[in-house]
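Colleague: Have a look; sequence and predicted model below, questions after that.
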Amino acid sequence: MFLLRLRAVFGKSGRARYISHLDLNRCMLRIFRRSKLPVWYTEGFNPHPYYSFALALSLGFESDCEIMDFNITDDNMSMEEIRDRLNAVMPEGMKIISVAPQNRKITAITKAEYRFSLVSENTHSLKSEIVRFMEQPEILIEKRTKKGVKTVDLKPDIEIVKCVDSGNSVDITLRLPAGTQTNYNPVLFIDALKNTSEISFETAGIRRSGILCENNEKFS
Amino acid sequence: MLKDKIEKYLLEVQKPSRYIGGEVGSITKNKQETDVRFAFCFPDTYDIGMSHIGMKILYSVINERENYWCERCFAPSPDFEEIMRKNDIPLYALESLDPIREFDFIGFTMQYELSYTNVLNMLDLAGIPVFAEDRTDELTQIVVAGGPCVCNPEPLADFFDLFILGEGEEVNLELMDLYHEMKQQGVGRIDFLRRAAQIEGIYVPRFYKFDYKEDGTIDKMTVTGNAPQKVRKRIIADFDKVYYPENFVVPFTEIVHDRVSVEVLRGCIRGCRFCQAGFIYRPFREKTPDTIYKETKCLCENTGYDEVSLASLSTSDHSQIDGMLTKLIDYTEKERVNLSLPSLRVDNFSESLLEKIKKVRKSGLTFAAEGGTQRLRDVINKNVSEEEIMSTCKIAFEGGYSSVKLYFMMGLPTETDEDIIGIAGLAQRILDLFYSIENRPKGKSPQISVSCATFVPKPFTPFQFEPQDTREEIERKQKLLLDSVKSKKIRVSYHDSDVSLLEAVLAKGDRRLCKVIYTAWKKGCKFDSWSEYYKFDLWLEAFEECGIDPSFYANRRIGYNEILPWEHLDYFVSKEFFIRENKTAHKSVTTPNCRIRCSGCGVNKSAGRECFCYD
């Protein structure tokens, strides 16, 4: 059977950020069914459209770079047509940005980039706090895993791309390990900072802004 | 803006997508361009309320009208309610995220008695006075209710401006039209209610007063405001042509019935004497297989659901069930849609029907036998014989099924210990049958689940006159049943007797219960249908403080001549019929179903047409 392996980049923002990963799965099934695209169905006892997400996105996060793989059984459709047909049946806040043939393997993903703002009365001091925070020899945090709670050192894995004082907030862009091996949630960083910081702040709008390969190249 | 305030806390609560709207299929309008706004409230959580088919129908019916806007509203779970109260977030509707206190209509659907306290809680959260008489004289915030429980709305009478009796597809719009017209004239609430009471199907409780005798029963009812002496329920005359939505709101979070449901028939021909639904939804009306097919296809395509369920009181009573299923299965198999068929009856469960449902359903089989002995099944008019149950189970076992679920009721009128022991006996004989079948499913252990509810006498049934067993008696019978079951392959579950008692009181209660409900809610009762929130001790305190004896409503036999709290409401089935059926029940005599012979319930006279053609 003809099979075209495709990869969609999609965004999730506004109210759609309250769709949990589990719910997103169910939601996508219905999107495919509504679109009537010739998607490939699994051949098991209970056939359903095949699709898979590269990374789970935490509840509440926005993103404009989520990755979903799926297969099409018709070679007469343009990538734009597939994108548009999916977008026509998407819920508010979800949008397919592009559809293209799969390029690299999912295992090529090694990190993800996040952007968020730390809102504070005293951004100047907060920024200095962050610099001090990152100068610590190690940043130990407790991470919950399937095997229980373990203590890990975040320090070597945090890559701060940007840290800007914009007046009423400190805007941060950082990269953390992601993919099949290690996944760190930016909330780990934020919580660790909160624990040591003397300046109080609130986190506004975490957005995943990139899914990257080892050389910081955009995964596609 | 309220939206920002809501979003600030949303990530602190369980399943936040329930509180923010934006689902596919939800309908948003410009409020400046709408004339009447209706908040359709379900007095339970989103997960439950979103499964309700009536809401889907009425939501779409209203929104078809360009200048009317219907939105959804549910009871927040306690975690979110706490946040709402602490941060002054009033109860809001999911489409606009506007507070429902700004709406013209606040409409509740009353599906079960144990949701009554949630109505008060939701009104309070909305900032709307819970008592109708405390609301503004202006024409706004009309609090209305419909649904099966409003066939006896008296325990709720003080909280509502009006009740909508029967089917809402037409009358809801008539009511909104009247409101729209009168709003333009600038009249007040009371004038609107006076006019509304003239619409067939609208019951305005404040125009009806009750006097009570010394023994607590009703002495007389007085009608004021030119309202009708008897309020007739509404029905849809041409059910095959009735409006049915082309789209559903598709939730993000998983809900209880997360699928397309298509209504195939309304009403019931059976006349089981305990069953309120079997009487209040009469007359029996069907949709044609063609309509059912079209609605199924349309909804599956528009929602993207891959599962469809046929909704009715008894799907196998559809006169064209075989043709309907053939047509549907053709479609669902091709489109890889799962079809599920709840509400199948034992007695007309043919081999060809089983062949068909085997294609669509892999789970177990459920039979509502209701009574443990033939005598008792005759009393309740559950026209099912043990032979039929056995032969159906045999077909099912031979067809590869190994688990059977049986529904029974406990505390039925005339019930003796023999009937309780009979439940265990029947389950045991089904188990023995399994082992006696040569080609039974191999390698599978059989499982017989016995689920035993407590009988709750309900208005508009032949058993409306019957007392409910006392809690002590029910608990004794539950223990007797457990002791009578000898096999580990038979699993018994039963309902909490405290819950059933409250159900009976609220179902058959009169206006004096309003203050009990209010008091119980004030004490903290809400989500009474959730066992983790049910606080029976607080209810007992409320009864005590209000000087009301719950057993007067639940455990007392009602005389045929007594004025019933719901006697001024006309659900088309006559009281004479219920009395006749009650007497027949006590003689253990059955009444044939409507298709075999008309039993003269009075529906055809009220509806103005015959239900069936008899040869």
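Modeller: All right, it came through fine. Everything numeric in this text was worked out from a predicted model, so none of it was measured.

Colleague: give the contact list for the residue nearest to B:M50 when sequence neighbours are not counted.
Modeller: Among residues not flanking B:M50 along the chain, B:I255 sits closest, at 4.5 Å (C-beta to C-beta, 6 or more residues apart in numbering or on different chains). C-betas here are computed from N, CA, C, even on glycine. Applying C-beta atoms under 8 Å, 6 or more residues apart in numbering or on different chains, we find B:I255 in contact with B:Y46, B:D47, B:I48, B:M50, B:S51.

Colleague: give the contact list for the last one.
Modeller: Taking C-beta under 8 Å, 6+ apart as the contact definition, B:S51 lies against B:I255, B:V256, B:H257, B:D258.

Colleague: Show me which of the residues you listed is closest to chain A.
Modeller: B:D258 (8.0 Å; C-beta to the nearest C-beta).

Colleague: And for that closest one, the neighbour number?
Modeller: 15 (other C-beta atoms under 10 Å in any protein chain shown).

Colleague: Show the pLDDT at the residue nearest to B:M50.
Modeller: pLDDT recorded at B:I255 is 94.

Colleague: Tell me how far it lies from B:R18.
Modeller: Counting by C-beta to C-beta, to the nearest Å, the gap from B:I255 to B:R18 is 9 Å.

Colleague: Need the overlap of contacts for those two.
Modeller: The contact lists of B:I255 and B:R18 share B:Y46, B:D47, where a contact means C-beta under 8 Å, 6+ apart.

Colleague: Between the two ends of stretch A:48-59, how far is it?
Modeller: Using C-alpha to C-alpha, to the nearest Å, one end of stretch A:48-59 lies 25 Å from the other.

Colleague: from what I can see A:T110 touches A:E214, true?
Modeller: Yes. With contacts counted by C-beta atoms under 8 Å, A:T110 reaches A:E214, the gap being 4.9 Å.

Colleague: So for those two, which sits in the more crowded spot?
Modeller: A direct count of neighbours by other C-beta under 10 Å for A:T110 and A:E214 places A:T110 higher, at 19 against 10.

Colleague: The helix or strand the more buried one falls within near chain B anywhere?
Modeller: Using DSSP states H and E, A:T110 maps to strand A:109-119. No. Strand A:109-119 lies out of reach of chain B by C-beta under 8 Å from any C-beta of the partner chain, never closer than 12.1 Å.

Colleague: which strands and helices sit next to that strand?
Modeller: Here strand A:109-119 touches strand A:169-177, helix A:186-196, strand A:202-213, going by 3 or more C-beta pairs under 8 Å, 6 or more residues apart in numbering or on different chains; DSSP states H and E.

Colleague: The last one relative to strand A:169-177, how many degrees between them?
Modeller: If I follow you right, that is strand A:202-213. 30 degrees (axes from the mean of the first three to the mean of the last three C-alpha atoms, to 10 degrees).

Colleague: any idea which helix or strand carries the residue of chain A found nearest chain B?
Modeller: Chain A approaches chain B most closely through A:R30 (3.1 Å), counting by C-beta to the nearest C-beta. A:R30 belongs to helix A:21-35 when assigned by DSSP H and E.

Colleague: From the contact counts, what lies against that helix?
Modeller: Counting by 3+ C-beta pairs under 8 Å, 6+ apart, helix A:21-35 packs on strand A:51-53, helix A:79-87, helix B:289-303.

Colleague: go again using 7 Å as the cut-off
Modeller: helix A:79-87 (3 or more C-beta pairs under 7 Å, 6 or more residues apart in numbering or on different chains; DSSP states H and E).

Colleague: Residues contacting the helix it packs on, please?
Modeller: With contacts defined as C-beta atoms under 7 Å, 6 or more residues apart in numbering or on different chains, helix A:79-87 is touched by A:I31, A:S35, A:L37, A:I72, A:K95, A:I96, A:S98, A:V99, A:A100.
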